[in-house]
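*Asks:* 3D, please:
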Amino acid sequence: MIVCDDHALKSGLRPSNCPYFNYLSFSLWLEWFDGELAAGCDAFLCPPGTFNEYGRRVGSAGCETCNFRGAALFYGSRTCGALYPQGMTDSYMLQEIYESTAGPSWENSQNWLREDVSICAWYGVTCGMFEGEDHVTELNLSENGLEGIVPSIVFYLPHLKKLDLGRNKVWVDFEDIEYSVLEELFLDKTNVASLDGISNAASLKTLDLKQSQLVGQSIPEEFYNMTNLTSVDLSESGLSGTLSTKIGNLQKLTSFLVKNNDLSGVIPASIGQLKNLEDLVLSDNTFHGQLPSEINGLASLKSFFLDAHNRGGAGISGPLLSFSSMPKLRDLLLGGNSFTGTVPASLLSGVDDLSAVITIDIESNHLTGAIPSTLSAFESLNIYAADNYFTGIGDGICQKSSWLEGAVGTYSCDALLCPAGTYNSDGRQTSSNTPCVECSGEGVPPYMGQTSCLSDEKKQERNILELFYHGTGGSSWKNSAGWLDDDNYCTWYGITCADGGTVESISLASNNLVGTPPEEIFGLRGLKTLWLYSNPLTFSFAGIGKALNLKALRLDSTGLKSLNGIGEGQSLVDIDVR
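*Replies:* Take a look at the predicted model:
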């Protein structure tokens, strides 16, 4: 029996052109491999473009077709990878990459495929000398008009340390990355099929996959075995699932960015083991629970972003940590969560340079008490604290004229928080055109830094509900009890209000609503549930991005014709449009 899998055989295997067969009768040839050759030459070697674990068909284990160009280039492949036999040069592999990604249409392909020019002079190629020969060490073709499937052969360039194919319309998978010596990989704004296999890039230090279309996928457990990683950016890629407790394995990490995904669950306490971490960005996900106290041990941290202004929902709750063991911390963004209690007097007390520009965002939480006077030790602090339940500002703070880029020097305390009984859209005065305006009517909140007055908000909500009533044929509804008759709209049929008196739910199913609900309906700030199913109405998602707390939307059995715009509904978790 002859075994010659995993060799660079590119000629066909037929009696007429294979030297082995020149000395054999056709009948003897058919008897090879216990007669399996009678069914075809793939019993001898899988043809190019196919593979299996044996490199040939064995019984029912046939040769499988690889699903991307440039894979299994030779006869007898046991993986979809391009083997690296002697004679397969860097030039050959670059040519495969060029042909697989629409090379003639690249924005810049200077010198590519020119036989009279060294590959080291091809656009985007950087070389180094190894054993007297030039080899590719970097390939940078970012934002260069590449299209198609990147062949796995790119991971077989034997000395490639850096690969940047970011911002191209290409598909990439990591099935064969185990043969790579890559240290830096940039695939931002591409289409990454999956993170499966990425952990086989054992030398990888920098990984940039932001906006790489990993929608609905989770970070695999194997990822946390990549202990050489120093910088990871998986932002805006549609990732779901949770952060594993194994994240503590990544001891060399200095930067971990996963903002604007769909990651959920609690933040694992093991994240506190990343002692080299300088930038931790977890913003705009759906984490819940309390912030683990172990984060206080991240002494190298310079920036910590956990804000969730664009997500709605509860977010992180419990008390604020002091972050007092972080001498280099300059940016602390925690807005849009549900932190409770008072601001610790020791907040950022360990910062080593009181003249440095410090930014703190604690807006839109449930914090109480006063902004502590101990913060007056900072010379240049930009603090955003509106939309909480603060009742005071510590001594000396309103005299910090350089705070908030000089706004405190101009508008004093109003630049920090509007006084109780007043409001504006920012909860503080930012210019001469945005003064804090006195609230009117009853129910004025007794807190500083308010972005609305409840009485004024109620007026606005009633106006929106009136528009909704008229826009959906309210006079012909089956049931419109209380609508427009009673000033207390919380008693109107189908309306449910939160404790504070703002609209939380609209449920008007099977009520003969017609027309198209006005987009102003999404301006109801506290709206969580909108059930309009089984009505002969049409619907538009224009403006749904303003509904920051809308969780449940039921439009089944309506005249809905398009889902255009529904993607702006970032807080939705329950949708029915059947």
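
*Asks:* which stretches of this structure form helices?
*Replies:* Remark: helices assigned in the chain by DSSP state H are 26-31, 90-100, 407-411, 454-471.

*Asks:* helices and strands around the last one, which ones?
*Replies:* Using 3 or more C-beta pairs under 8 Å, 6 or more residues apart in numbering; DSSP states H and E as the contact criterion, the elements in contact with helix 454-471 are strand 503-507. The C-beta positions use only the backbone N, C-alpha and C, and glycine is treated the same way.

*Asks:* partner strands of the strand it packs on, with direction?
*Replies:* For strand 503-507, the paired strands and their directions (DSSP bridges) are strand 495-497 (antiparallel), strand 529-531 (parallel).

*Asks:* measure stretch 216-228 end to end?
*Replies:* 26 Å (C-alpha to C-alpha, to the nearest Å).

*Asks:* pLDDT wise, what is the closest residue in space to Thr374 that isn't next to it in sequence at?
*Replies:* Distance criterion C-beta to C-beta, 6 or more residues apart in numbering; nearest residue to Thr374, sequence neighbours excluded, is Ala345 at 4.8 Å. As predicted, Ala345 sits at a pLDDT of 97.

*Asks:* my read: Asp42 touches Thr65, true?
*Replies:* No: Asp42 is not in contact with Thr65 according to C-beta atoms under 8 Å; the separation is 11.4 Å.

*Asks:* shared neighbours of the two, which are they?
*Replies:* Thr50 (C-beta atoms under 8 Å, 6 or more residues apart in numbering).

*Asks:* which one's more surrounded, these two?
*Replies:* More neighbours surround Asp42 than the other of Asp42 and Thr65, with 21 against 13 (other C-beta atoms under 10 Å).

*Asks:* how many neighbours does the residue nearest to the more buried one when sequence neighbours are not counted have?
*Replies:* Of all residues not flanking Asp42 in the chain, Arg57 sits nearest, at 4.5 Å (C-beta to C-beta, 6+ apart). By other C-beta under 10 Å, 22 other residues sit near Arg57.

*Asks:* what's the closest of the strands paired with strand 503-507 to Ile371?
*Replies:* Taking C-beta to C-beta, strand 495-497 is the member of the strands paired with strand 503-507 nearest to Ile371, at 31.1 Å.

*Asks:* other residues contacting the closest one?
*Replies:* 465, 489-490, 503-507, 529.

*Asks:* just how off-centre is that strand within its chain?
*Replies:* 34 Å (C-alpha atoms, centre = their mean, to the nearest Å).

*Asks:* out of the helices of the chain, which gets nearest to Ala542?
*Replies:* helix 454-471 (13.2 Å).

*Asks:* check what pLDDT Val58 gets.
*Replies:* Val58 is given a pLDDT of 89.

*Asks:* give me the distance between it and Ala72.
*Replies:* As judged by C-beta to C-beta, to the nearest Å, Val58 and Ala72 stand 17 Å apart.

*Asks:* same deal with Ser452?
*Replies:* Distance from Ser452 to Ala72, by C-beta to C-beta: 63 Å.

*Asks:* looking at the two, which is more packed in?
*Replies:* The neighbour count for Ser452 versus Ala72, taken as other C-beta under 10 Å, is higher for Ala72 (28 against 18).

*Asks:* so that one sits against Leu45, correct?
*Replies:* No: look at Ala72 against Leu45 with C-beta under 8 Å: they stay out of range, at 11.0 Å.

*Asks:* kindly report the domain assignment for this structure.
*Replies:* Here the domain parsing of the chain from automatic domain parsing is 1-85, 457-576.

*Asks:* quick one on the thing from earlier: can you pick out the most distant pair from the contacts of strand 495-497?
*Replies:* Greatest spatial distance among the contacts of strand 495-497 (C-beta to C-beta): Tyr489 and Thr529, at 15.8 Å.

*Asks:* neighbour count: those two, which is higher?
*Replies:* Set Tyr489 next to Thr529 and count neighbours by other C-beta under 10 Å: Tyr489 wins out with 20 against 17.

*Asks:* contact partners for that one?
*Replies:* Contacts for Tyr489 were tallied using C-beta under 8 Å, 6+ apart; they are 461-462, 465, 482, 495, 497, 503.

*Asks:* do Leu548 as well
*Replies:* So Leu548 contacts 310-312, 525, 570-571 (C-beta under 8 Å, 6+ apart).

*Asks:* please apply the same query to Asn365.
*Replies:* Asn365 neighbours (C-beta under 8 Å, 6+ apart): 334-340, 387-388.

*Asks:* by neighbour count, which of these wins?
*Replies:* Asn337 (27 neighbours).

*Asks:* ok, that residue touching Leu306?
*Replies:* Yes: between Asn337 and Leu306 there is a contact under C-beta under 8 Å: 7.0 Å.

*Asks:* hey, what's in contact with both of those two?
*Replies:* Common contacts of Asn337 and Leu306, defined by C-beta under 8 Å, 6+ apart, comprise Ile316.

*Asks:* low-confidence stretches in the stretch 51-200 of the chain?
*Replies:* Applying pLDDT under 70 to the stretch 51-200 of the chain picks out residues 67-71, 81-87.

*Asks:* could you rerun that using 90?
*Replies:* Low-confidence segments of the stretch 51-200 of the chain, defined by pLDDT under 90: 51-61, 64-89, 92, 131, 152-153, 156, 175-180, 193.

*Asks:* strands of that one, start to end?
*Replies:* Counting by DSSP state E, counting those that start in this stretch, one finds strands in the stretch 51-200 of the chain at the ranges 64-65, 125-130, 133-140, 147-149, 162-164, 169-172, 184-186, 191-192.

*Asks:* paired strands for the longest one, with orientation please.
*Replies:* Okay, so that is strand 133-140. Using DSSP bridges, the strands paired with strand 133-140 are strand 125-130 (antiparallel), strand 162-164 (parallel).

*Asks:* save the ones you listed as CSV, and put in distance to Leu94 and mean neighbour count too.
*Replies:* Listed next are the strands paired with strand 133-140 as CSV, based on distance: least, C-beta to C-beta, whole Å; neighbours: other C-beta atoms under 10 Å:
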stretch, distance to Leu94, mean neighbour count
strand 125-130, 7, 14
strand 162-164, 12, 20
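
*Asks:* report the contact partners of the residue nearest to Gly148 when sequence neighbours are not counted.
*Replies:* Using C-beta to C-beta, 6+ apart and skipping the chain neighbours, the partner closest in space to Gly148 is Thr101 (4.8 Å). Contacts for Thr101 (C-beta under 8 Å, 6+ apart) come out as 146-150, 168, 170.

*Asks:* contact partners for the residue positioned nearest the centre of the chain?
*Replies:* By C-alpha atoms, centre = their mean, the chain has its centre lying nearest to Glu236, at 2.6 Å. Applying C-beta under 8 Å, 6+ apart to Glu236 gives the contacts 210-211, 259-261.

*Asks:* next one: Tyr469
*Replies:* So Tyr469 contacts 480, 483-484 (C-beta under 8 Å, 6+ apart).

*Asks:* circling back: for the contacts of Leu548, which single residue is the most surrounded?
*Replies:* Within the contacts of Leu548, Arg311 tops the neighbour count with 21 neighbours, counted by other C-beta under 10 Å.

*Asks:* okay, the contacts of Asn365 in a markdown table with distance to Pro517 next?
*Replies:* What follows is these, written out as a markdown table (distance: C-beta to C-beta, whole Å):
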| residue | distance to Pro517 |
| --- | --- |
| Leu334 | 35 |
| Gly335 | 30 |
| Gly336 | 27 |
| Asn337 | 31 |
| Ser338 | 30 |
| Phe339 | 35 |
| Thr340 | 35 |
| Asp387 | 28 |
| Asn388 | 33 |
